[in-house]
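Asker: got a predicted model here, sequence first, then my questions.
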Amino acid sequence: MEKRVLKLTELTKKNFGTYGTIISEELRAPDADVEELKFWNKLGVMVHAGNTSFSIVQTYGRNGLVEETFECHKTTGEALLPTEDIFIVVALPEVDDPQRPDFNSVKAFPVKKGSAVILNPGVWHHAPLTQADTANTFVAFYENTPDVDFFAYELKEEFGFYYEVEL
């Protein structure tokens, strides 16, 4: 079984823009800045028809920074809001066959607690990886995404390799 090592890519607008949107107060000045609070409005907007579901995926550091699965939502985005620092492994769809990940586009990004990302529709990904004992990541997407817009591959079985993130 082939292990493909991924070095982390810095999470910046330039590096992440084709995969999705970064949600962080570090990206711009607040819309309101008064003595008792700062407020940033519309740091990211997910467009979909229907209701938004808020869910939690819980991942464990004991599993290491190994990614063996890719999933995709072709028509809906997905927001990931971590309570601990996480790492996400993402890939764009193949241009000629969006049913498959483009393995030349695979990158690993760190997402710090207190920030978030919105993955564009069609971006391949899976549950976040963590070094924490336990990391809860809030997931927001169209309420029926898991039932009607979910496609997945087990990388080892389908392609004969998996990824490991190197820090």
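Answerer: Looks like it arrived, so ask away.

Asker: from here on, contacts and neighbour counts on C-alpha atoms
Answerer: Will do.

Asker: beta partners for the closest residue in space to F103 that isn't next to it in sequence?
Answerer: Counting by Cα to Cα, 6 or more residues apart in numbering, F103 lies nearest to A91, which is 6.7 Å off, once chain neighbours are set aside. For A91, the beta-bridge partners are W124 (DSSP bridges).

Asker: now do the contacts for A91.
Answerer: With contacts defined as Cα atoms under 8 Å, 6 or more residues apart in numbering, the neighbours of A91 are Y19, P101, D102, F103, S105, V106, K107, V123, W124, H125.

Asker: separation between the spatially closest residue to the fifth one that is not a sequence neighbour and N120?
Answerer: Same thing as S105. Residue nearest to S105 in three dimensions, not counting chain neighbours: A91, with 5.3 Å by Cα to Cα, 6+ apart. A91 sits 11 Å away from N120, going by Cα to Cα, to the nearest Å.

Asker: what residues are shared contacts of the two?
Answerer: Where contact means Cα under 8 Å, 6+ apart, the residues bridging A91 and N120 through contact with each are Y19.

Asker: all helices of this protein, in order?
Answerer: Defined through DSSP state H, the helices belonging to the chain, from first to last, are 13-16, 145-148, 155-159.

Asker: any idea which of those helices gets closest to A116?
Answerer: helix 13-16 (12.1 Å; Cα to Cα).

Asker: that closest one: which residues count as buried?
Answerer: Within helix 13-16, the residues that qualify as buried by neighbour count (16 or more other Cα atoms under 10 Å) are F16.

Asker: ok, stretch 159-167 next?
Answerer: By neighbour count, and taking 16+ other Cα under 10 Å as the criterion, the buried residues in stretch 159-167 are Y162, Y163, E164, V165.

Asker: what's the spacing between that stretch and its chain's center?
Answerer: For stretch 159-167, the distance from its own C-alpha centre to the chain's C-alpha centre is 16 Å (Cα atoms, centre = their mean, to the nearest Å).
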